[in-house]
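Undergrad: sequence? don't have it. structure:
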C-alpha cells in the first residue's frame, strides 16, 4: 500500500495542478511567434503552439488548446515555467534598457549644458570606450532639429547609439 503522501495527490490537488498547467498553456499561447521560437521547450509543445498561432476559428483554437493541455501533461512543467520566467526577465531587461536610453536621450536633448555633462558622465562611467564627441554632436544636432521643428533624425541616431551601448546589458547573460 502506498503511504507516501507526496506520491498520492488528492483529487482536488490533481484538479489544481491541471488548472495550473492549463493556465501555463494559455500563457504560452499568448506569446508571439518570435517568443515561442526563443523558448527552449520540447519540440512537440513548440509545434502545437506554432499551429495555434495560425488558427483563426474559435472551435479550432479551442481544440488546439485542449491538445496543448494534453502535451503540457507529458512535458516537464518546471522546464516550461523556467523558460517562461526567463522570457519575462529578458523582456524586463530590454524594457529597462529602452527606458534608460530614452531617459538619457531626453536629458541630452532637453537639458542645459550642465545636464548634458551629467548625463555624459553617467554614460562614460558605464561605457568608457564611448566616443564622447559623437554623443555631443548628435545631441546638439537633435537640439537644432527640435528648435526648427525638423524631422528627428539626429534624435533617432542618438537613441540608436545609446541603445547600441546598452544592448549587451539588455540581452542578458
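TA: Everything's here; your move. The structure presented is a predicted model; accordingly, all values stated were derived computationally and were not measured. Residues are numbered from 1 along each chain as shown.

Undergrad: What's the separation between residue 37 and residue 25?
TA: Computed as Cβ to Cβ, to the nearest Å, the residue 37 to residue 25 distance reads 17 Å. All C-beta spots, glycine's among them, are computed from the backbone N, C-alpha and C.

Undergrad: same question, residue 35
TA: On the measure of Cβ to Cβ, residue 35 and residue 25 end up 15 Å apart.

Undergrad: do the same with residue 167
TA: Residue 167 is 32 Å from residue 25, by Cβ to Cβ.

Undergrad: Same check on residue 83?
TA: Look at residue 83 and residue 25: by Cβ to Cβ, they are 13 Å apart.

Undergrad: Neighbour count for those two, which is higher?
TA: residue 25 (25 against 15; other Cβ atoms under 10 Å).

Undergrad: List the contacts of that one.
TA: Applying Cβ atoms under 8 Å, 6 or more residues apart in numbering, we find residue 25 in contact with 65, 68-69, 72.

Undergrad: Filter the residues you listed down to just the ones in helices.
TA: Mapping those onto helices (DSSP state H) picks out 65, 68-69, 72.

Undergrad: Residue 137: which of those is nearest?
TA: Of all these, residue 68 has the smallest distance to residue 137: 52.4 Å, by Cβ to Cβ.

Undergrad: In this structure the closest one contacts residue 29, no?
TA: Yes - Residue 68 lies in contact with residue 29 (Cβ atoms under 8 Å); the separation is 6.6 Å.

Undergrad: residues shared between the contacts of these two?
TA: Common neighbours of residue 68 and residue 29 (Cβ under 8 Å, 6+ apart) are 49, 52.
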